[in-house]
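K.L.:
I would like to see how this sequence folds:
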Amino acid sequence: MQSPRRLYVLDTQPETAEVLQAVLAPQGTEVTSVKSWQQFQYRAPDQAESILVMNAKFRIMPDSVEDQQSTIPRVVIGAEKKETADISEVDSKQTHPSESERQVRELFEYPELFQAIESLWKKAA
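P.N.:
Numbering: from 1, shown residues only. Sure, this is the predicted structure:
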């Protein structure tokens with residue numbers, strides 16, 4: 001039996017988790033709303049099928065969790081995409097997506113968010 005997919009939502013808007021729950025739970029996905037990065041760390045298992053949907057406002061973390069955060073597949077809502085060539089290394093880490101990150105605009109459409117989530121699950125499979 002395959003373990004269920006888990007989606008953790010760390011957002012300032014509670015309706016994001018509610019919509020994801022309504023659409024994805026019937027498909028067997030466990031959707032959990034968390035209110036802080038620390039709460040996510042406490043709950044999150046080391047599962048390949050876990051994804052974090054987070055608001056970019058929660059992205060600045062203490063150094064102790066920065067490395068762990070960078071390994072978790074995630075969708076970042078409201079991430080700024082800078083296109084200048086002279087970005088510092090720190091800015092580059094925070095503004096350019098990695099292979100395990102997808103970005104959607106602050107004012108996103110839900111199909112765009114679902115597509116980003118699905119692309120991460122397909123990559124993990």
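K.L.:
In contact with Ser36, which residues?
P.N.:
Ser36 is in contact with 10, 58, counting by Cβ atoms under 8 Å, 6 or more residues apart in numbering. Bear in mind the C-beta positions are built from the backbone N, C-alpha and C, glycine included.
K.L.:
so how far is Asn55 from it?
P.N.:
Distance, Ser36 to Asn55, using Cβ to Cβ, to the nearest Å: 12 Å.
K.L.:
Which residues are in contact with each of those two?
P.N.:
Overlap of the contact sets of Ser36 and Asn55 (by Cβ under 8 Å, 6+ apart) consists of Leu10.
K.L.:
Which is the succeeding secondary structure element to the worst-scoring helix or strand of the chain on mean pLDDT?
P.N.:
Least confident element among the helices and strands of the chain, by mean pLDDT, DSSP states H and E: helix 89-95 (a mean of 43). The helix or strand immediately downstream of helix 89-95 is strand 101-104, counting by DSSP states H and E.
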